[in-house]
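>>> All I have is the shape, not the residue letters:
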């Protein structure tokens, strides 16, 4: 049975008790992903690449909204393929806004931003790109792919290149074809997926740096988020962290054009140092630093306020009591480190490499936290 | 991206490696429900009440097939509402066989039987009924509800009354209206849901006995099985165990008409003694019965081969060492019970009430197992 | 290394940091057992049968104290065997108070009551008895067992018969030998273990009722509590709940002589109705009772404030929506039950059998809770 | 009750059934630590620093044996303090072999080697050292510490310096005092703890290399292994992996003198490259390497046969599809890596740094595995 239906057909309400009970069964679902705000910006969790039955996905748009609410996301886009419509025989929609409209209605009473978007879906090159913050997807239905990109940009869309590693050569290596170069040179492409589903493309990261593009990470979900990610090693979908002035479509769009993103993927953070280092700095909070009486061992209490497990490599001259130079701080936990400082010191510039963060292909950022020693306890 | 799509559009295969990897993430999903065969019949796990976007469900039929494969079901039916079609604006299907056809295609290479069915959806009375094993759902689109039931029976469908407790009075108590009585007297209704979603109707069970109907339990899923059931206390959807000559549509249909079912719901088994008691008997297997040297305590090793947790109340004259008369044997486990028999005995007719089984409203079956004592060890 | 030792030998403190860190590793240990106070009494968790290296146990008394603190007990007794001293060659203690003294010192800064006790250890009959709240165990070293019981009583000890089912017949059936009868007739024995380690003796319960004895449940631990109980089905040691005026030795002793106990064993509560029913009543708290608008289904929110999982059998005339008459309410959880009351009612005397409680051999108490229906929400 | 006791005192056996049942409760205890054999040696798991009530520990030696059996160790030593005997008032043992003898008896029917040892316990310098494979601990009771070391060496003991970081300065930094230097120069000390309880001393590792000492890791347990380690982040006690010709005392002793050890601590392996690299090589087994049809991505199936979680940093020129250069392979699991090789290659010398292994202070070994590509599938 279904409530709204019975309201209409039977002209009576069903047992609310049963409805209430059902909700009990879902309260613990979803993946908690938590990151602090940085640099005066709000850190928004976004997944701007998703599909529904309105292109080649397997679910009604309502499921995408509910999945996103369970994952506590801030903004999503249902980016149906413009050119690929395998369900068109069953769902002969002429207006490509339908998926968006249904999602909007489902999200009505919730704090989830639905961004209008579509996937321009062409053979490689230039491959696929998502255009989000568009006005009208119907106008992207054109013959020449250049016209599609032109129209998207005319609508002031933010456009990013999807799974650039899906080349005809089948080597999974992102490659900048002439067609892609031209689109970039025309300033028609503003971002690039460095992560799509379970794939991280280190070559895409290099292209992003070479071409000054925004880094994007997306689920590109077609089936169910739970089935694709919940049983995986890290249990969460890839998302793009967007550092936005506020929680509005306008600000998110600005942030994207301004390249204010970090990709969060399988417990890994991928981004430019200018954002990645402040983010890590806010994730790891020094709560206390002190010497126990008569001890020359410096105790430093670190709280990881994020949901990410941090894997750090100590770079300070002082060794640690309980571990080698490798330190693992689980998400949402507090850990006390003990440094052998030889003498009592008043402050420590503690440097460490963050191995679960990537600031360039095969590179990991070094972060330095200034620790002021006080009685603290 | 999606494989078959890229094959067509891009004329090249994507990295199979990635596809292979994805399957790694889903291998542990689903709920294992295991029951032994009984009385020369195969025990088949069936869910004959499910919805998709082709009526008021939230998913494409492919998801229902994959959910059922994860739960290791034997047979399902996608029983779209005949009269309630909220997505008709988007999915203007004229042929009500579409949902079935898509599921059939998805299940092609799997061992899952797809039964053609539909939900005759009228205000109460007579309320909703599922007609399964129908020939053509399109012919059920008629004005008078009696004609719908007549047509279903003309097609030799098996018809069962759904969530009979959803009355206009809103008291959640199944009630036999005149309309329902007439349908039953005409032999147009052959079964009744005693369990639908999270509701067990003890009154429906009484009606089943009064009217000699087949007992049915169904998920009536609209959203996702995972969300509705996986986080619940027992973690599984309601199913109907069908005791069938073999694994064919014909035999399942015969079994249903012959009332050879037991409902499995939240770790509870609901059925007639003639099937319920043999089922419990096969679930609980005596592996060994013996006395340790110099001891007058009888050790009895019991294996629960089912996935059900059994809650038994000992009725033998002999008390147990490790517990009161209440015994809990977890699913898929072996337990050794120790009876104080005072003297060495050669055999024991061990009787117990099975509290997680129901053979009539507020009644639990008593089962007796003959235990032959031997050296055994 | 060990801290106090190094303080002495090395004349310097070791790194306190390391000590602090170690405690981090133990914070989640132990089993939480929680029960509410009843009838103006405090509900104290007690284990009055334990052994250390000072008889045939495997640990120093300090371990027993720390285990008890982890299990959050209120009172314990280390009841070394008077007559059985297998470690006497290594530990030639002449003063049988040593075990008690060491425990007392270990418990000094904690809220754990150490009761002085000993186990009078004779062949059956009369078997073993614990004498607790004794003045001097040394005086129990006498030849004739009657003298030992006489002396214990002279010291005003509370004496209870241990594992009475350990008879020479080896049938695990408690039997009242002439010797035991005489001790009871002399009023030398005041209690009896109905539970010892993993054994529940229904015959001992009958003896307790026949002879008006206090019901006792004990771990009789020799090795480690963790090894004996933490991996068991219910994960806790047997304890005696003592309903005591306050948290003092005197009050506990009074309560024991007054038979104010309930035994808590493998999730089962064993006791006399006069205490058992109030205890269950306080464990299960009605938080709300209300009708949803337009519904005739009564919602009743029940909070189980105890750590016990309750297994109830509904005896009200109203059936439940989500289950058969069997209801399981997990420890420390809240559950909403939905009764089909047919009409709106203002109050309900809800009766149920408590299957995880025992008030007599093979009997379970019936409890009635008065539920007043109000808007509540 | 306790079985052997009742056998003696009551001249009858107790219910074997109860004994059998108890063992059910302990079968899942202990920590599985698994490592493959290497270089023709057997890899033996050893903990050569433990205490009981016969010095300042809290348990009877039997508990140490049972803990070690649960952890599936191969060899242990109960190294009671020679000079520190806080329980001497209660346990006035004159023969310092008692602890060893009791352990030997307890281990009689098990496959656990008990090595005779003692802890020479002096103020720093020179601090504490364990002498294992001694003949007679009683002869180590001498006034001058040099005589104690001389006697241990006369007995052909293997001697290692304990928790060298416990200096009077209280800075937790291992320091080579003149006294220690002299003992080493006299060849009286053969090994050094680089790990003791929860402390890893990078400075001790340096001393080991400077002085060519055997690397040791020990629990130095005084209380319970479960309490100290089971709730810790990695859940296991520190052990010394000894690479021994066979499973005999003689061979283990030879291996120790020959420095054939790797320390296993909190999921970290600490050792010399000559042993560490072969060990890692045997832990990580290449099962398959192949290209899927039409793909240029190399699939490599790696099985981690050890219980250690490996954290690898890819050093090959080929990037990975599913991750950055950081790879985590859980203990006892198989993982498929996907390398972007651009072209089909026939073999790959795959190099990676092993971040959970330490071959020198703040250094991690690089391991290269030769992968031969074949159809494999």
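Structure received. Owing to the predicted nature of the structure, the values given are computational and were not obtained by experimental measurement.
>>> In terms of helix, strand or coil, where does residue A:205 fall?
Following DSSP: H, G, I helix; E, B strand; the rest coil, the label given to residue A:205 is helix.
>>> quick one: secondary structure of the closest residue to chain C within the stretch 51-200 of chain A?
Using CB to the nearest CB, the single residue of the stretch 51-200 of chain A nearest to chain C is residue A:109, 19.2 Å away. For the C-beta atoms, the positions are set from N, CA and C on the backbone; glycine is no exception. Under the three-state scheme (three-state DSSP), the conformation of residue A:109 reads as coil.
>>> Could I get the pLDDT score of it?
Model confidence at residue A:109, given as pLDDT, is 95.
>>> That one: how many residues sit nearby?
6 (other CB atoms under 10 Å in any protein chain shown).
>>> That one and residue A:69, how far apart?
10 Å (CB to CB, to the nearest Å).
>>> Would you mind naming what in the stretch 51-200 of chain A lies close to chain B?
Within the stretch 51-200 of chain A, the positions lying close to chain B (CB under 8 Å from any CB of the partner chain) are A:51, A:53, A:56-60, A:62-63, A:66, A:81, A:83-84, A:86-87, A:90-93, A:98, A:121, A:123-124, A:128, A:162-163, A:166, A:168, A:170, A:172, A:196-199.
>>> Those, buried ones only, as a PyMOL selection?
Isolation of the buried members of these (16 or more other CB atoms under 10 Å in any protein chain shown) is achieved in PyMOL through the command below:
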select buried, chain A and resi 51+53+56+57+58+59+60+62+63+66+81+83+84+86+87+90+91+93+98+121+124+128+162+163+166+170+172+196+197+198+199
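>>> so of the residues of the stretch 51-200 of chain A next to chain B, which ones are in strands?
Among these, the members falling in strands (DSSP state E) are A:81, A:121, A:128, A:196, A:199.
>>> in chain A, which spans are helices?
Per DSSP state H, chain A has helices spanning A:3-9, A:16-24, A:61-70, A:98-106, A:145-154, A:178-185, A:202-211, A:225, A:249-257, A:273-283. These are given in chain order.
>>> Nearest to residue C:188, out of those?
Using CB to CB as the measure, helix A:16-24 is the one of those that comes nearest residue C:188, at 54.7 Å.
>>> Of the ones in strands among the residues of the stretch 51-200 of chain A next to chain B, which fall within the contact range of chain D?
Judged by CB under 8 Å from any CB, the overlap between those and the neighbourhood of chain D comprises residue A:199.
>>> Pick the one among the ones in strands among the residues of the stretch 51-200 of chain A next to chain B closest to chain B.
Using CB to the nearest CB, residue A:199 is the member of those that lies nearest chain B, at 6.0 Å.
>>> you'd agree that closest one is up against residue A:162?
No: under the contact definition of CB atoms under 8 Å, residue A:199 does not touch residue A:162, with a separation of 11.0 Å.
>>> can you count the residues close to residue A:193?
By other CB under 10 Å, neighbour count at residue A:193 equals 32.
>>> returning to that earlier point: the residue of the stretch 51-200 of chain A closest to chain C and residue A:65, how far apart?
Here the criterion is CB to CB. By it, residue A:109 lies 11 Å from residue A:65.
>>> Equivalent analysis for residue A:315, please.
Residue A:315 is 44 Å from residue A:65, where distance means CB to CB.
>>> so what's residue A:314 bridging to?
The residues paired with residue A:314 through beta bridges, assigned by DSSP bridges, are residue A:352.
>>> OK, contacts around it?
A:320, A:325-327, A:352, D:362 (CB atoms under 8 Å, 6 or more residues apart in numbering or on different chains).
>>> how many neighbours does residue A:119 have?
Neighbour count for residue A:119, taken as other CB under 10 Å: 28.
>>> residues near residue A:143, how many?
7.
>>> same deal with the one 10 residues further on?
Each residue near residue A:153 was counted by other CB under 10 Å, and the total is 19.
>>> cool, and the one 4 residues further on?
Other residues near residue A:157 come to 26 when the count uses other CB under 10 Å.
>>> Confirm for me that it is in contact with residue A:137.
No: with contacts defined as CB under 8 Å, residue A:157 does not count as touching residue A:137, sitting 9.8 Å away.
>>> so what's in contact with those two at the same time?
When contacts are counted by CB under 8 Å, 6+ apart, the set common to residue A:157 and residue A:137 consists of residue A:117.
>>> wait, doesn't residue A:313 sit right on residue A:355?
Yes: Residue A:313 is within contact range of residue A:355, at 5.9 Å (criterion: CB under 8 Å).
>>> Between these two, tell me which one has more neighbours.
Neighbour count, other CB under 10 Å: between residue A:313 and residue A:355, residue A:355 has more, with 22 against 19.
>>> Give me the distance between the nearest residue to the more buried one once chain neighbours are set aside and residue D:75.
In this structure, residue A:355 finds its nearest non-sequential neighbour in residue A:311, 4.4 Å apart by CB to CB, 6 or more residues apart in numbering or on different chains. According to CB to CB, residue A:311 stands 34 Å off from residue D:75.
>>> what do you get for residue A:373?
Relative to residue D:75, residue A:373 is positioned 44 Å away (CB to CB).
>>> ok, the residue in the stretch 201-350 of chain A that chain D sits nearest to - contacts?
When distances are taken as CB to the nearest CB, the stretch 201-350 of chain A reaches nearest to chain D at residue A:296, 3.7 Å away. The contact partners of residue A:296, by CB under 8 Å, 6+ apart, come to A:340-344, D:169-172.
>>> Now which of those residues would you call buried?
Neighbour-count burial within the contacts of residue A:296 applies to A:340-341, D:170-172; the criterion is 16+ other CB under 10 Å.
>>> Tell me where the stretch 251-377 of chain A is predicted with low confidence.
Counting by pLDDT under 70, the stretch 251-377 of chain A contains low-confidence residues at A:375-377.
>>> interface residues of it facing chain D?
Counting by CB under 8 Å from any CB, the positions of the stretch 251-377 of chain A adjacent to chain D are A:266, A:268, A:270, A:294-297, A:311, A:313-314, A:319-326, A:328, A:338, A:340-343, A:355-356, A:358, A:361-362.
>>> what's the neighbour count on residue A:95?
Here the neighbour count serves as a burial measure; for residue A:95 (other CB under 10 Å) it reads 11.
>>> That one reaches residue A:138, doesn't it?
Yes: counting by CB under 8 Å, a contact exists between residue A:95 and residue A:138, whose distance comes to 6.5 Å.
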